[in-house]
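1. Whatever this is, show me its structure:
(chains A and B)
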Amino acid sequence: MDRLINIDRRIIFIFIFLGIAIPLLVDIHLPIKPTPTVRSVYDEIERISVEDADRPVLVSFSYGASTVPEMVPMTRAILRHLFSRGRKVVGICLWPEAVGIAQPIMDELAVEFGMEYGADYAFLGYKPGNQAVVLNLGQSLAGTFPFDAAGTPVGELAVMKGVRNLKDFSFVFDFAAGDSMEFWWIPFGQEKHRFPFAGGCTAVMAPDLYPFLQSKQLVGLLGGLAGAAEYETLIEAPGSATAGMEPQSVSHLIIILFIVLGNGVYFTTRRRGGKA
Amino acid sequence: MLFMTRTLPFLFCFAFGMTGFAIYYVPHEWAQSVEREFALWLRLVYAFAYILGLVSLLSLHWSKIRQRQAGWAYSLVVYISFGVMFLFVVYNDGNGPFTSQATTGPYQWMFTSIHVASSATMFSMLAFYISSAAYRTFRARTPEAAILLVSAIIVMLGRVPIGAYISDVIPDTMQWLMSVPNMAAKRGILMGVSLGAIATSLRIIFGIERSYLGGGGD
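-> As a prediction, this is how the structure comes out:
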C-alpha cells in the first residue's frame, strides 16, 4: 500500500502522456453536445445577423501566449461564425501580447471569407489601460483608438462609419484569459452602456463568471477548449478544439481513475490503522 | 516637509477618489468629460508602469549577473532574449521603428515560434502536475470533502464529450452544479470581495488607511 501511496509521479505523467497522445493518433469519435451557455452566444450572433445587420461587432482580445491552446480555437470559431454571416468586425487588444496572435487569425479568416480590410473588418491594435480603455471606449472610439494597427486614421475606415462609441456596436465579445470580463467590461462597459455582451475564457475561469450569466450581463460564455469545441459543433466547422476533445476526455478519465485509486488506497490504509 | 509627503498626497487621493466615485453615476456632459480625462491619465500611468516593470526586471537580473548568484546564467538569457527581440522590433522587418509593427519577419517568427510555443508548453504542462497533485491530495476525508470530490468528478466528466457518451445525466448534472451551487457560492464570494474593496477604498479616500504613503500604517 505504501508503494501505491508514494507512487512515482513520473508513472502518472506517463499515463497522462499516453492518454493525450493515443487519442490524437487514433480517431475515437465522441459526440459533442453544446451546453446552453455556448448555444446562447451562437443564438445571439444569429439574432443580430438578422435583426441588427448594419452595425459592426466589436471583438476584444485579452489573452496572451500562454493560453493560446485554449483561446485560439474559440477565437477562430467565433470569427468564423461572424464572417460567415457577413458581419462587420472591429478587433481591439487589451493585452499587449494579443496583437501578434489575433491579427494573423483575423487576416487569415478574412481572406477565407472574402472580407475586405477597412470595409468589412478592422484591427485597431493595443492600448494600455485595462478598464480605463473600456471607459474611454464608452465615450469615444476614435478618441481611444485614433488609428488602426497599420496607422490608418479610424475615420478613413468604412467599417467604422457611424461608430462613435460602444453603444454603436451590435454585439461585443471579449476573449479573456484574465479578469477583463468581470472587472473591466461588465462594470465599466456593459453595465454603463447596456450592449449585448458575451465572452470566451479559459476553463479555469469559467465558474467565476456564472453569476454574470444569471444576471444577463453576459449573454453567453465559452469556457475553455470544451466551449470552443461546442461552438465548432454549432457552426459545423470542426477544428483543433474538436480534435482536442478526445485527448481531453481520456486525460480527464485517467485523472478520475487516479483520484478513485488514491481514495481506495487511503481508505484501505485507514481501515488497517495506518497513515495515509 | 510633512505637508509634501503626507498631507498633499492625502488631499490628492481624497479629491480624485471622491470625484472618480461621483462622476461614475453622473451622466452630465461635464462629468463625462472629467471621467474621460481621468481615464486618459490612468492609461498614461499604465503605460509608464510598463517602463517601471522593464527597469525593475532588468535591474534585478543585472544584480544577479554582477553578484554571480545561483542561476545567474538564466539572468543572462533574459538579457540576451530581451536584446534580440528589441533589436528586431526596431528593425521591424526592414521598415524601421517609426512605422507600425510588421506582421511578418524575424520578430513575428520569434514571437510565434519561440515565445508563444514555449509559453503554451509551460501552461499545458500544468495538466501533468495537476494529475499528480490530485492523486496525492484529493481525499474524501470528511463528508464535505466527499461532496466536493463527487462534484469535481461529475464536472470533469460533464465538461468533456465522454460524459455525455456515458450518460446524458452527467452533462445535465454538471450544468446544474455550475449554474446553481457554484453560481451561488461565487456570487457570495464576489459580493464579499466587492464590499471589502469598497470598505478599503473608503478607508484610503478618507485617510484612515495611509500605509500607501509609506512610513507605516498609522
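
2. For chain A, give me its nearest residue in chain B.
-> The nearest approach of chain B to chain A comes at B:R43, 3.2 Å away (C-beta to the nearest C-beta). All C-beta atoms are positioned from the backbone trio N, CA, C, and that covers glycine.

3. can you confirm that residue is in a helix?
-> Yes: assessed by DSSP: H, G, I helix; E, B strand; the rest coil, B:R43 belongs to a helix.

4. neighbours of the closest residue to it other than its chain neighbours, just the number please.
-> Ranked by C-beta to C-beta, 6 or more residues apart in numbering or on different chains and with sequence neighbours excluded, the top spatial neighbour of B:R43 is A:G129, at 3.2 Å. Residues lying near A:G129 (other C-beta atoms under 10 Å in any protein chain shown) number 22.

5. Surely A:G129 is in a strand?
-> No: with three-state DSSP as the criterion, A:G129 is coil rather than part of a strand.

6. Please report phi then psi for A:A122.
-> A:A122 adopts backbone torsions of phi -150, psi 150, taken as degrees, to the nearest 10.

7. and it, what does it touch?
-> A:A122 makes contacts with A:V89, A:V90, A:G91, A:D148, A:V154, A:L157, A:V159, A:M160, as judged by C-beta atoms under 8 Å, 6 or more residues apart in numbering or on different chains.

8. how about those in JSON lines, adding pLDDT, secondary structure and distance to chain B?
-> Shown next, in JSON lines, are the contacts of A:A122 (pLDDT from 0 to 100; DSSP: H, G, I helix; E, B strand; the rest coil; distance: C-beta to the nearest C-beta, whole Å):
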{"residue": "A:V89", "pLDDT": "97", "secondary structure": "strand", "distance to chain B": "17"}
{"residue": "A:V90", "pLDDT": "97", "secondary structure": "strand", "distance to chain B": "17"}
{"residue": "A:G91", "pLDDT": "97", "secondary structure": "strand", "distance to chain B": "13"}
{"residue": "A:D148", "pLDDT": "94", "secondary structure": "coil", "distance to chain B": "8"}
{"residue": "A:V154", "pLDDT": "95", "secondary structure": "helix", "distance to chain B": "13"}
{"residue": "A:L157", "pLDDT": "96", "secondary structure": "coil", "distance to chain B": "14"}
{"residue": "A:V159", "pLDDT": "96", "secondary structure": "helix", "distance to chain B": "18"}
{"residue": "A:M160", "pLDDT": "94", "secondary structure": "helix", "distance to chain B": "17"}
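
9. now, the most widely separated pair of the residues you listed?
-> Greatest spatial distance among the contacts of A:A122 (C-beta to C-beta): A:V89 and A:V154, at 14.1 Å.

10. Name the residue in the two with the higher neighbour count.
-> Counted by other C-beta under 10 Å, A:V89 and A:V154 do not tie: A:V89 has more neighbours, with 24 against 19.

11. rewinding a little: mind checking pLDDT for the residue nearest to B:R43?
-> At A:G129 the predicted local confidence, pLDDT, stands at 92.

12. That one contacts B:F48, doesn't it?
-> No: applying C-beta atoms under 8 Å, one finds A:G129 not in contact with B:F48, separated by 11.3 Å.

13. shared neighbours, these two?
-> By C-beta under 8 Å, 6+ apart, no residue touches both A:G129 and B:F48.

14. hmm, back to that, which residues touch the residue of chain B closest to chain A?
-> A:K127, A:P128, A:G129, A:A132, A:V133, A:N136.

15. same thing but 10 Å
-> Each residue near B:R43 by C-beta atoms under 10 Å, 6 or more residues apart in numbering or on different chains is listed here: A:K127, A:P128, A:G129, A:N130, A:Q131, A:A132, A:V133, A:L135, A:N136, A:T144.

16. So which residue is smack in the middle of chain A?
-> A:G200 (3.0 Å; C-alpha atoms, centre = their mean).

17. Look at that residue and give its secondary structure.
-> Per three-state DSSP, A:G200 ends up strand.

18. Report pLDDT for B:D218.
-> According to the model, B:D218 scores 44 on pLDDT.

19. A:D27 too?
-> A:D27 is given a pLDDT of 81.

20. Likewise for A:G274?
-> 62.

21. A:D8 too?
-> Reported pLDDT for A:D8: 87.

22. neighbours of residue 166, just the number please.
-> No chain was given, so I picked chain A. A:L166: 26 neighbours (other C-beta under 10 Å).

23. that answer is for a different chain, and I need it for chain B
-> 13.

24. Contact partners for the residue nearest to it when sequence neighbours are not counted?
-> The spatially closest residue to B:I166, leaving aside those adjacent along the chain, is B:L157, at 6.9 Å (C-beta to C-beta, 6+ apart). Counting by C-beta under 10 Å, 6+ apart, B:L157 makes contact with A:249, A:252-253, A:256, B:163-167, B:170-171, B:173-174.

25. can you tell me which of those residues are in helices?
-> With DSSP state H as the criterion, helices contain A:S249, A:H252, A:L253, A:I256, B:G163, B:A164, B:Y165, B:I166, B:I170, B:P171, B:T173, B:M174 from among the contacts of B:L157.

26. Which among those residues count as buried?
-> A:S249, A:H252, A:L253, A:I256, B:G163, B:A164, B:Y165, B:I170, B:P171, B:T173, B:M174 (16 or more other C-beta atoms under 10 Å in any protein chain shown).
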